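**Student:** Okay, here's the prediction I keep looking at, along with the sequence it came from:
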Amino acid sequence: MMKKSLISCLIFAIFFFIWESVCCVSEHLHFILPLPSKIAAALWEHADRFSFHTGVTLREMLGGFLLALAAAFPLAWLMAYFSSLRAIIQPAFVAIQCIPMFALAPLMVLWFGWTYTAIVVPTALMIFFPLAMNIYQGLCATPKNLLELFALYQALPSQIFFKLQLPWALPQIFAGFRISIALAGIGAVAGEWAGAQAGLGILMLESRRSADMEMMFGALACVTAMSLALYGFVVLLEKGVNARLYRKISPAKCLACLLAVGFLGSCQQSSEPGTTTLVLDWLPNPNHVPLYAGVKKGFFEEQGIHLKILKVADQSDSISYLTSKQSELALTYMPHALQTLAHGAQIVPLGILIKEPLNAVIFRKNEGIAIPEDLTGKIVGYCVDGSHTRFLRTMLQSREIVPHEYRNVGYDLVSALAMKHVDMLYGAYWNIECENLRALEVETEVFPLALFGVPPYYELLFFARQDSLQATPQFISAFQQALQKSIDFSKNFPEEAFDLYLSENLDKSSKTKKWERKAWYKTLSALAQQQTIDQELWNNFVEWLTANQLLSFN
C-alpha cells in the first residue's frame, strides 16, 4: 500500500514538474495556463476566500444531492413495483437528462431569484437521472427465488423491502451515489454561473474575466479536491455499510443527520423589507466604484434608499431580471436598452453612470495598424451577437473595411488578443480591457467609435419598470441625488472610493487590484457630470440606429 502511494506521489510530482517547465519556456502559455507554483501561492495567499467559497459550493452540492435523492428514491420504487407507471416515469427521466442544465440554470434565477433554491434545483436535476436509474436497477436486482421464499414465510411488504430488497440493492445504490456526488460539483458550478453571488463557480468566472488564471485554477482545484473528498467519503460509507457498521447507528440518528443537512441547506438569505435591489450590467469592475462607495458612505440611505447591489455573469441578463420582477433596478447599456424598448419592454431610465461610450476597437500596438482602413484583412474578435454584431458590421462598412474573419471569442477577450488569436477586439472597454492587457505586458491602441460614424451615447444607464415604485418622480429624484453625490465623491476622493469598492469585493487578487486601480483613474473622466438625460443625444442615437436598420420599434 505504501509503495503504491509513493508511486502515485512520484507520478504527480513528475506531472507538475513538466507543467511548470513547459509554462516557463512558453511565451504565451501563461495567459491561459499558469504555473503550478503560482496557483499554490494564490491558494495560500487567499486561503480565507477560497475556504469561504468552498463552503458555499459544498452546501449547494449537498443540498442538490439530498434533493435529488428525495425525488429519485420514491420514483425509482414506483417504477420497480408498478410496471404500468414505468412506461410513464422512465421517459420522463430521460427527458430530464436531455435538458442542458447550463441553459436551464439562468431560468432558475428568474423563477426563484438569487436564492439557494436557484442553485440547488439545477444541481439536483443534473444528478437525478444516474441516481434514480441506479436505485431502480438495484431494487429490480433481487433474485425471484428469494422473493418467493420471503412470501412463503408470509413476510410483510415492509419486511421484504428492508430485510431483502434494500440490502440487495445497496451495491447499485452506492454506485449511483458515487456517480451523483462526482457530478454534483458540475451542477453547483453551473448554477452559480447563472446568478450566484458567491461560490467557487462565481470565483472562477470573475477570475477568468479578469484574466487572473492563478485564482481561476485555484478555484478549480478546490472544486476538484472537494469532489474527490466527497467521493472518498461515499466509498468509505459503502465499506462501512458492507461491514454492517450501520447496525451501530440507529435509523433515528441517520434521519436526524439528513434533516440537519437539509435544514442548513435551506437557510438562505433574503432581501430585507424595503430593500431596493440593483442588478449590475456585469461582474463588479471599476465602472461600479461610485455605487459601492455611495452605499458604504450612506448617500443612498440619506435619501431613504436601502440599495442592495447584485452582480450578474451575463451582460444581457440585467433587464430580464428587471422585467421578471427579480430586481427593482437594472444597470445596462444604452444600445441594449433601446433594443428591449423597441421590443415593447416597459422600462424607464432613472440616471446616468457613464456618460460616453466605453466600447471601442482595440488592437495590439506595433501591428501595422495606423488608421481604421488598416483593419482590412484582419481577424475581428467580438463577444456579442445578434443585433450587436450587426452594429459592428455597420461600423466597419462605413469605412469600407473588409475583415478576413469575424470570430466570436465569447468573454475571453483579453486572452484572445494576448494570444494573437484575433487582431482586434470589439466589445471591450478602453478603460478596462486596455489596462488588463497592459498588466499582461500587451500594449494596445484604440479607435473610438466616433471614427466609424457612431454618434455619442450613454454607455451605462439605470432603469426601472414603468409600473414600479422606483419609476415615480419622488424615487427618481432621490435616486439621482444619491447617485450624483456618489459620483462627485468618487471624483473628489478617488483613492478612498476605490478602497471602499475593494472592501465589498474581497476576492480581488493583488494583481487584479493593481490594474483595476489604474483602470479606475481612467474611468473618472467618463463618469456622469449630471443626471439629466440629454434628449437630443438620445434622439440622434436612435435615429442613427434606425437609419442603419439596427433598430425597429414594434
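**Tutor:** Thanks, I have it. Residues are numbered from 1 along each chain as shown.
**Student:** buried set for the strand or helix carrying residue 486?
**Tutor:** Following DSSP states H and E, one finds residue 486 within helix 473-492. Burial within helix 473-492, assessed by neighbour count using 16 or more other CB atoms under 10 Å, is assigned to 475-476, 478-490. Quick note: C-beta positions are derived from backbone N, CA and C, even for glycine.
**Student:** For it, which helices and strands make contact with it?
**Tutor:** Applying 3 or more CB pairs under 8 Å, 6 or more residues apart in numbering; DSSP states H and E, one finds that helix 473-492 contacts helix 289-297, helix 299-302, strand 347-354, strand 460-465.
**Student:** Among these, which comes closest to residue 92?
**Tutor:** Of all the helices and strands packed on helix 473-492, the one in closest proximity to residue 92, counting by CB to CB, is strand 460-465 (36.3 Å).
**Student:** now for the closest one, which elements pack on it?
**Tutor:** Going by 3+ CB pairs under 8 Å, 6+ apart, strand 460-465 lies up against helix 318-323, strand 329-333, helix 334-342, strand 347-354, helix 473-492.
**Student:** And that strand, how far out from the chain middle?
**Tutor:** Between the centre of strand 460-465 and the centre of its chain there are 22 Å (CA atoms, centre = their mean, to the nearest Å).
**Student:** State the paired neighbours of it in the sheet, together with their directions.
**Tutor:** strand 329-333 (antiparallel), strand 347-354 (antiparallel) (DSSP bridges).
**Student:** circling back: export the helix or strand that the helix holding residue 486 is followed by to CSV, keeping only CA atoms.
**Tutor:** Proceeding N to C from helix 473-492, the next assigned helix or strand is helix 494-503, under DSSP H and E. Extracted C-alpha coordinates of helix 494-503, given in CSV (Å, rounded to 0.1, in the frame of the first residue of the first chain):
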residue,chain,number,x,y,z
PRO,A,494,-10.8,58.6,-6.0
GLU,A,495,-8.4,56.6,-3.8
GLU,A,496,-10.9,56.4,-0.9
ALA,A,497,-13.7,55.5,-3.3
PHE,A,498,-11.7,52.7,-4.8
ASP,A,499,-10.8,51.3,-1.4
LEU,A,500,-14.5,51.2,-0.5
TYR,A,501,-15.1,49.3,-3.7
LEU,A,502,-12.4,46.8,-2.7
SER,A,503,-13.8,46.4,0.8
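**Student:** Against which helices or strands is helix 494-503 packed?
**Tutor:** Going by 3+ CB pairs under 8 Å, 6+ apart, helix 494-503 lies up against helix 289-297, helix 510-523.
**Student:** any idea which of the ones you listed is most buried?
**Tutor:** helix 289-297 (a mean of 24; mean count of other CB atoms under 10 Å).
**Student:** could you give the mean pLDDT of that helix?
**Tutor:** Across helix 289-297, pLDDT averages out at 96.
**Student:** now swap in stretch 420-431 and tell me
**Tutor:** Per-residue scores along stretch 420-431 average to 91.
**Student:** Identify the residues contacting it?
**Tutor:** Stretch 420-431 has contacts (CB atoms under 8 Å, 6 or more residues apart in numbering) with 28, 286-287, 358-364, 367, 369, 375, 378-384, 388, 392, 395, 407, 409, 413-417, 433-434, 446, 448, 519, 522-523, 526.
**Student:** Put the buried members of those residues into a PyMOL selection.
**Tutor:** Paste this into PyMOL to select the buried members of those, with burial taken from 16+ other CB under 10 Å:
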select buried, resi 286+287+358+359+360+361+362+363+364+369+375+378+379+380+381+382+383+384+388+392+395+409+413+414+415+416+417+433+434+446+519+522+523+526
